[in-house]
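**Student:** Okay, sequence plus prediction incoming.
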Amino acid sequence: SACRYGGARPGCIGCGLFLIWPSMYTDVTDVYRIGRAGRIRTDLGGVYFNVVFMLALTGCYFLTGQPFFLSAVYLGHFEVLEQLMPAVRLDGYYILGDLAGIPDLYGKIRPIVLSMVPGRPTPPEVADLKRSARVIVTTWVCTMVPLLLGDLGYALWNLPRILATGIRSLTEQLSGTADAFTHGQFASGTVGLLGCLMLVCPLAGMAYLSVRLAGRLLRAARRATAGRPRLRAALCAFGLVAAGGLCCAWVVGLTPKPLPPQPPIVPVLQPGVPTAVPSTPPSHHHTGGVGAGGTPTPGASGGHTRGGGLPLPSASATTTVQPSTSPSATPTAKPTTAKPTPTAKPTSSAPTGQPTTGPTPTPTAAPTTAVPTTSATATPPPTTAATGAATKALQ
């Protein structure tokens, strides 16, 4: 639509494999006949479609309340940001080229790099450019070339991890899809085939891209070293050393290990694959109180529970709390046995930790508001009601 609006004639629409991803495309080569504004409008056509699509998904979310639509909108923003990157012929690559007035930025990499070498004449492909265009292209070359080389090195270093994780995922996916068809779940099996295709495409794309890239590098090296046997021998030796060191790192195990199994992100695309999250060890801090019957209840702060559900005081608690039989404004500490027991009495005038030989009344502050408490006997263990009152007093 943007191509036709600018006065150009769009070509065919199709789909294919772009690098490692399945991609849909439209042939808009005819836009080079029109002006810069028309070309940039056409470059932003994909972003425009994504915005309209996300607005439609937002409307579906407000109508249904399903979080799936909101998640798709969230991921759509990252899709737009990815497309705006000026690399590997994404939308941002064409936008930057049209802003600079250069249709093929990759064709300028070699002359730009040669123009940076001191003592060499400026190639005519660079000398004919305007100053602003030359600054844009030079900045792009100095940024994208190291980034692409870093991505290539990262992919080669992690190749065993990528292959092992991808093959394991594909094996689980094929097994689960086959089980779905065996048990007559044809809908799940068909969707599982789509998930298998989504796993096969990146693996096939990486293999195809590696073969193409290796072939181009070999042809470029052969052309660059034509008639210079010493340079060719040195380049071959460097390539063999680098390949040997990389293979040695793969075999010895210096590269990262395969990713551990994880639950599927989209379970509907992976039938038969376990969706349970791996169990985690229990934490040492429990944030629930004690309800009826000694069972922990959420929302109240407490310590560990053990045996019949009696709360154990936390590390910050230094008193043994018993329910009081009289209204009290502050919790009191009483020993439960007649044996000498170190008991801290926060409200007593006696020193903290002073041993006592028997039950002694603890002076408390005069209450301003009588708070009724459940009466309890001094015979342990306390009842359920007393346990709940003790928990409240501890809080």
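**Tutor:** It's in. Numbering: from 1, shown residues only.

**Student:** lowest average confidence, helix or strand, in this protein?
**Tutor:** strand 305-306 (a mean of 38; mean pLDDT, DSSP states H and E).

**Student:** Show me where the stretch 101-250 of the chain has its helices.
**Tutor:** Here the stretch 101-250 of the chain has its helices, by DSSP state H, counting those that start in this stretch, at 109-115, 124-127, 131-157, 159-182, 186-224, 229-252.

**Student:** Please report phi then psi for Leu259.
**Tutor:** Phi and psi for Leu259, reported as degrees, to the nearest 10, are phi -70, psi 140.

**Student:** Who are the contact partners of the nearest residue to Leu203 once chain neighbours are set aside?
**Tutor:** In space, Leu203 comes closest to Gly166 once its chain neighbours are excluded; the distance is 5.2 Å by CB to CB, 6 or more residues apart in numbering. Placement of C-beta: from N, CA and C, glycine included. Counting by CB atoms under 8 Å, 6 or more residues apart in numbering, Gly166 makes contact with 199, 202-203.

**Student:** Can you give me the distance of Pro263 to Ala204?
**Tutor:** Distance, Pro263 to Ala204, by CB to CB, to the nearest Å: 25 Å.

**Student:** Out of the contacts of Gly166, the closest to Glu79 would be?
**Tutor:** Glu79 lies nearest to Pro202 out of the contacts of Gly166, by CB to CB, at 16.4 Å.

**Student:** Now for the contacts of Gly166, which sits with the most neighbours around it?
**Tutor:** With neighbours defined as other CB atoms under 10 Å, the most crowded of the contacts of Gly166 is Leu199; it has 19 neighbours.

**Student:** hang on, that one packs against Arg168?
**Tutor:** No: using CB atoms under 8 Å, Leu199 is not in contact with Arg168, being 10.4 Å away.

**Student:** Going by neighbour count, which residues of stretch 206-217 are buried?
**Tutor:** Within stretch 206-217, the residues that count as buried by 16 or more other CB atoms under 10 Å are Met206.

**Student:** could you dump it to CSV, C-alpha only?
**Tutor:** Only the C-alpha atoms of stretch 206-217 are listed here, as CSV (Å, rounded to 0.1, in the frame of the first residue of the first chain):
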residue,chain,number,x,y,z
MET,A,206,21.9,-21.9,10.6
ALA,A,207,23.4,-24.8,8.6
TYR,A,208,22.5,-23.1,5.3
LEU,A,209,23.9,-19.7,6.5
SER,A,210,27.1,-21.3,7.7
VAL,A,211,27.7,-23.0,4.4
ARG,A,212,27.0,-19.8,2.4
LEU,A,213,29.1,-17.7,4.7
ALA,A,214,32.1,-20.1,4.6
GLY,A,215,31.9,-20.2,0.8
ARG,A,216,31.8,-16.4,0.5
LEU,A,217,34.8,-16.1,2.9
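
**Student:** Count the neighbours of Tyr74 for me.
**Tutor:** 12.

**Student:** What is the subsequent helix or strand relative to the helix or strand hosting it?
**Tutor:** Per DSSP states H and E: Tyr74 is located in helix 67-83. Sequence-wise, the next helix or strand downstream of helix 67-83 (DSSP H and E) is helix 91-100.

**Student:** I'd like to know which elements that following helix is packed against.
**Tutor:** On a contact count with 3 or more CB pairs under 8 Å, 6 or more residues apart in numbering; DSSP states H and E, helix 91-100 meets helix 36-43, helix 131-157.

**Student:** neighbouring contacts of the shortest one?
**Tutor:** Outside of helix 36-43, the residues within contact range by CB under 8 Å, 6+ apart are 2-3, 5-8, 28, 31-32, 91, 94-95, 98-99, 101.

**Student:** Tell me the buried residues in that helix?
**Tutor:** Quick answer for helix 36-43 (16+ other CB under 10 Å): 38-43.

**Student:** Give the rounded mean pLDDT of it.
**Tutor:** For helix 36-43, mean pLDDT rounds to 90.

**Student:** swap in stretch 221-228?
**Tutor:** Throughout stretch 221-228, pLDDT has a mean value of 86.

**Student:** Can you check the distance spanned by it, start to finish?
**Tutor:** End-to-end span of stretch 221-228 (CA to CA, to the nearest Å): 11 Å.

**Student:** on that earlier part again, quick one, which of the helices and strands packed on helix 91-100 is packed in tightest?
**Tutor:** Of all the helices and strands packed on helix 91-100, helix 36-43 has the most neighbours on average by mean count of other CB atoms under 10 Å, namely a mean of 19.

**Student:** which is the next helix or strand following it?
**Tutor:** Sequence order places helix 45-64 as the next helix or strand after helix 36-43, per DSSP H and E.

**Student:** who touches that next one?
**Tutor:** Helix 45-64 is contacted by residues 1-3, 66-67, 69-70, 72-73, 76-77, 79-80, 83-84, 91 when judged by CB under 8 Å, 6+ apart.

**Student:** In ChimeraX, how would I select the buried members of those?
**Tutor:** Restricted to buried positions by 16+ other CB under 10 Å, the ChimeraX selection for the contacts of helix 45-64 reads:
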select :2,3,69,72,73,76,83,84,91
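
**Student:** Farthest pair within the contacts of helix 45-64?
**Tutor:** With CB to CB as the measure, no two of the contacts of helix 45-64 lie farther apart than Cys3 and Pro67, at 36.2 Å.

**Student:** From the contacts of helix 45-64, pick the one nearest Ala178.
**Tutor:** For those, the nearest to Ala178 is Ala72 (29.3 Å; CB to CB).

**Student:** Give me the spatial nearest neighbour of that closest one, chain neighbours excluded.
**Tutor:** Counting by CB to CB, 6+ apart, Ala72 lies nearest to Leu57, which is 5.2 Å off, once chain neighbours are set aside.

**Student:** tell me the angle of the helix holding Tyr74 relative to helix 36-43?
**Tutor:** Using axes from the mean of the first three to the mean of the last three CA atoms, to 10 degrees, the inter-axis angle of helix 67-83 relative to helix 36-43 is 140 degrees.
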